[in-house]
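Undergrad: What follows is a predicted structure for the sequence shown.
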Protein chains: 2
Amino acid sequence: MNIGIVGLGLIGGSLGLKLQSLNHTVYGVTNNNFNEIKARERKLANIISQDYKVLENCSIIFLALPIKNLLNPSKNLIKAIPTKAILTDVGSVKVPIIETWEKIHDLFIGSHPMAGTEEKGVNAGKKELFDNSKWVITPTKQTDQNSLQTLSKLLKKMGCDIYFEKPVIHDQAVANISHLPIYLASSLIETAYCKNNKDLLNLSCKLAATGFSDTSRVGGGNPSLGIDLAENNTTNILNAIKIFKKNINELEKIFEHRDWDSLEEKLKKSQEWRKHFC
Amino acid sequence: MNIGIVGLGLIGGSLGLKLQSLNHTVYGVTNNNFNEIKARERKLANIISQDYKVLENCSIIFLALPIKNLLNPSKNLIKAIPTKAILTDVGSVKVPIIETWEKIHDLFIGSHPMAGTEEKGVNAGKKELFDNSKWVITPTKQTDQNSLQTLSKLLKKMGCDIYFEKPVIHDQAVANISHLPIYLASSLIETAYCKNNKDLLNLSCKLAATGFSDTSRVGGGNPSLGIDLAENNTTNILNAIKIFKKNINELEKIFEHRDWDSLEEKLKKSQEWRKHFC
C-alpha cells in the first residue's frame, strides 16, 4: 500500500521504519529543511517532502502530529488529503481530535498508540517501537466499517494488540493512568525540593533512591507534553485530581488519628489492586 | 574482627555475606528453626544460632531488625550485648530508635543503609547489596568518637558511601523522599481503580503502561512496611502530606482556571529540580 505519514518524530518516524519493513511504500511529510535532511539520512520514509502533495496517492494516512496541531490543522494539509484515503491520528486525547476531524474527513478514525520513550523529534523513531505494544482505536457512529477493518489489519501486521473503546472512556482512562501521574509526580518533586531548608534539601538529594526516582519520573518529563494534555483533557484530569485529593485527605486523617487499622486496609487494597494494572 | 548480626533477613543476611568476604568472623542470630537452617544452608554467617549468647565476643554488632522490634527489644538481647561492643542498627527511622538505644547501651550509634530490594526474609540477602550504596550515620552528642570511626571504616571497606547527619534531619528527609511516595502511590492506585465503572476500569487496566507502573510501584509493596514507617515517623510524614496537599490544591486551581502559564512554570520547575535528586 501507499501510506502517508504527516510528522516524522518519535511516532511518525517509527511508523515509517516499520511500514517500510512490511514492504509498504511510505510517503513522509516533515515541516522544515533540517528534519527533511535528517529524515532522509535515517530513511524514515521512501519519499520525504515538506509538500503535502506527496500524500495524493496514499490510501492510508497517519497524522503523527502534536495534539495542538491536530486541533488546528493547516488548510494545505486538509486540501491535500485524498477523499478516499483512510485517515487516522496518534494523539493521546481522543474526543476533541475526533470532533475536529470527523467534520473534515469522512474516513477519519481516531486512534492512539500506547508506545513511547522519553525521546522526541526526527532522531527518535525506531522500527521496533510498536512490537507487542497496545494501540487503541476509538470508532464512533460515523466510522466507516471497511476503513476500520483495513486500519485494524495494518496495525495487527505491525505487531500491535488492538483495543476498541469509546472516545469518552479512552480519555477518562488515560486521565487516570497516564496524565494524573505526571501532575502527582511534579507535586512530589515540589514537596521534596524544600528550598528554604538547605540541610534537609542536601540530605534529601543525596539519599533519594529508586523509590523517589520511579515515583517522580514522569514529573521530570517535557513540560510541553504536560501542558498539551492539560489543555486538551482538562475535565477528565481535573476529575482525577479531585478523586485523588479525596484519597489523600483520607490518608491525612488516618495519620492525624494514628488509625493504623485503616491504613493497613488501604495499603492492602492498593497492593492487591495494583496487580490488575501491572 | 568478630562481628555480630541480629536478624538475617535482607539487610542482615547481606551484611553477613559481605563481612565474611572481607575476612571477618560473623556471628548471626536468627529467631526460629526454619531461619536457622536456611541461614546455615546459605552460609549467611560463620556461626549461626538462636541464642543471643553467641554475641559475647563480638566487637561490633548490627541490629538488623524491624523498627517495631528495635523499639521493644527483648531483655535477653539487651543482656547479651557486651558492654564494650560498638552497637548500631539499620532502621529507616532514627529519632525513636536512638532515644531507645542510647539509654540501653553507651556505644550505640544510629545508622541507616539506603539499600534494598522488594524481597525480604532469610532468602533475600546478597553479598553485593551494599556495593556503591549509601549509608547514613546519625551521631548525637552522646556518640563515642572512637566507635564512630571504627564503624565508619568498616562501612567504607564494605563499599558504602557514608553520610553523617542529625537524626531529626534524617527522619524529615526520608519522610519526603522515601515514605511520602508510598502513600501517594497507594492513593494513585485507589484513584485509578474505579471499581464502580467497569468499562473504564477494564480499559485502564489494559492500557496502564510504564508511566503508571513506575509512579505506582512503591504503593504495591508490603503493607507492613508502610504501617511500620507510619507508626514511627508519623509527624514528619504528616507534615510531608500537608505540603504535598498544598501543591495539589494549587494544581487543582490551575486546572479550574485553565491557567496554563502557571502550569508551565510548575512543570518546568519540577523538571529542573528532579535533576538534583536523580
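TA: Looks like it arrived, so ask away. Numbers count the residues shown, from 1 in each chain, chains lettered A, B, ... in the order given.
Undergrad: Return the distance of the biggest helix by length in chain A from the chain's centre.
TA: Criterion DSSP state H: the longest helix present in chain A is helix A:234-256. Centroid separation between helix A:234-256 and its chain, computed with Cα atoms, centre = their mean, to the nearest Å, is 24 Å.
Undergrad: buried residues in that helix?
TA: Residues of helix A:234-256 classed as buried: A:234, A:236-241, A:243-245, A:247-248, A:251-252, A:254-255 (neighbour count, 16 or more other Cβ atoms under 10 Å in any protein chain shown). Any C-beta I mention is one placed from the backbone N, CA and C, and that applies to glycine too.
Undergrad: what's downstream of that helix, the next helix or strand?
TA: Sequence-wise, the next helix or strand downstream of helix A:234-256 (DSSP states H and E) is helix A:260-277.
Undergrad: Quick check: buried residues in that next one?
TA: Applying a neighbour-count criterion of 16+ other Cβ under 10 Å, one finds A:W260, A:L263, A:E264, A:K266, A:L267, A:S270, A:Q271, A:W273, A:R274, A:F277 buried in helix A:260-277.
Undergrad: can you put those residues in a markdown table and add distance to chain B and pLDDT?
TA: Putting the buried residues of helix A:260-277 into a markdown table (distance: Cβ to the nearest Cβ, whole Å; pLDDT from 0 to 100) gives the following:
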| residue | distance to chain B | pLDDT |
| --- | --- | --- |
| A:W260 | 5 | 98 |
| A:L263 | 6 | 98 |
| A:E264 | 6 | 98 |
| A:K266 | 6 | 97 |
| A:L267 | 4 | 97 |
| A:S270 | 4 | 96 |
| A:Q271 | 5 | 96 |
| A:W273 | 4 | 97 |
| A:R274 | 4 | 96 |
| A:F277 | 4 | 95 |
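Undergrad: Between which two of these is the distance greatest?
TA: Using Cβ to Cβ, the pair of the buried residues of helix A:260-277 lying farthest apart is A:W260 and A:F277, separated by 25.8 Å.
Undergrad: ok, now which ones touch A:E264?
TA: Shown in contact with A:E264 (Cβ atoms under 8 Å, 6 or more residues apart in numbering or on different chains): B:P223, B:I227.
Undergrad: quick one: low-confidence parts of chain A?
TA: Residue ranges of chain A with pLDDT under 70: A:117-118.
Undergrad: how about the helices of it, start to end?
TA: With DSSP H, the ranges of helices along chain A come out as A:10-21, A:33-41, A:67-71, A:75-80, A:95-104, A:145-157, A:167-174, A:180-192, A:198-207, A:210-216, A:223-232, A:234-256, A:260-277.
Undergrad: Enumerate every residue touching the residue most central in space within chain A.
TA: The residue lying closest to the centre of chain A (Cα atoms, centre = their mean) is A:S92, at 3.8 Å. By Cβ under 8 Å, 6+ apart, the residues touching A:S92 are A:I67, A:H112, A:V174, A:S178, A:L229.
Undergrad: separation between it and A:I47?
TA: 28 Å (Cβ to Cβ, to the nearest Å).
Undergrad: One more: A:K153?
TA: 23 Å.
Undergrad: still on that earlier bit, could you say what helices and strands the longest helix of chain A packs with?
TA: helix A:167-174, helix A:180-192, helix A:260-277, helix B:180-192, helix B:234-256 (3 or more Cβ pairs under 8 Å, 6 or more residues apart in numbering or on different chains; DSSP states H and E).
Undergrad: For B:F34, which of those helices is the nearest?
TA: Of all those, it is helix A:260-277 that lies closest to B:F34, at 24.4 Å by Cβ to Cβ.
Undergrad: Can you give me the neighbour number for the closest residue to A:S152 other than its chain neighbours?
TA: Once flanking residues are discounted, A:S152 sits nearest to A:I162: 5.7 Å by Cβ to Cβ, 6 or more residues apart in numbering or on different chains. When neighbours are defined as other Cβ atoms under 10 Å in any protein chain shown, A:I162 has 14 of them.
Undergrad: Enumerate every residue touching A:I248.
TA: B:Y183, B:L184, B:S187, B:I241, B:F244, B:K245, B:I248.
Undergrad: swap in A:L203?
TA: A:L203 makes contact with B:V136, B:Y163, B:E165, B:I169, B:H170, B:A173 under the criterion Cβ under 8 Å, 6+ apart.
Undergrad: beta partners of the second one?
TA: Under DSSP bridges, the beta-bridge partners of B:Y163 are B:V136.
Undergrad: That one: how many residues sit nearby?
TA: Using other Cβ under 10 Å: B:Y163 sits among 18 other residues.
Undergrad: And for the last one?
TA: B:A173 sits with 28 neighbouring residues when counted by other Cβ under 10 Å.
Undergrad: I figured it was touching A:A209, is that so?
TA: No: in this structure, B:A173 is not within contact of A:A209 by Cβ atoms under 8 Å, at 11.4 Å.
Undergrad: how near is the nearest residue to A:A64 once chain neighbours are set aside to A:V136?
TA: Distances taken as Cβ to Cβ, 6+ apart put A:G12 closest to A:A64, at 3.1 Å, once the chain neighbours are dropped. The gap separating A:G12 from A:V136 is 18 Å, by Cβ to Cβ.
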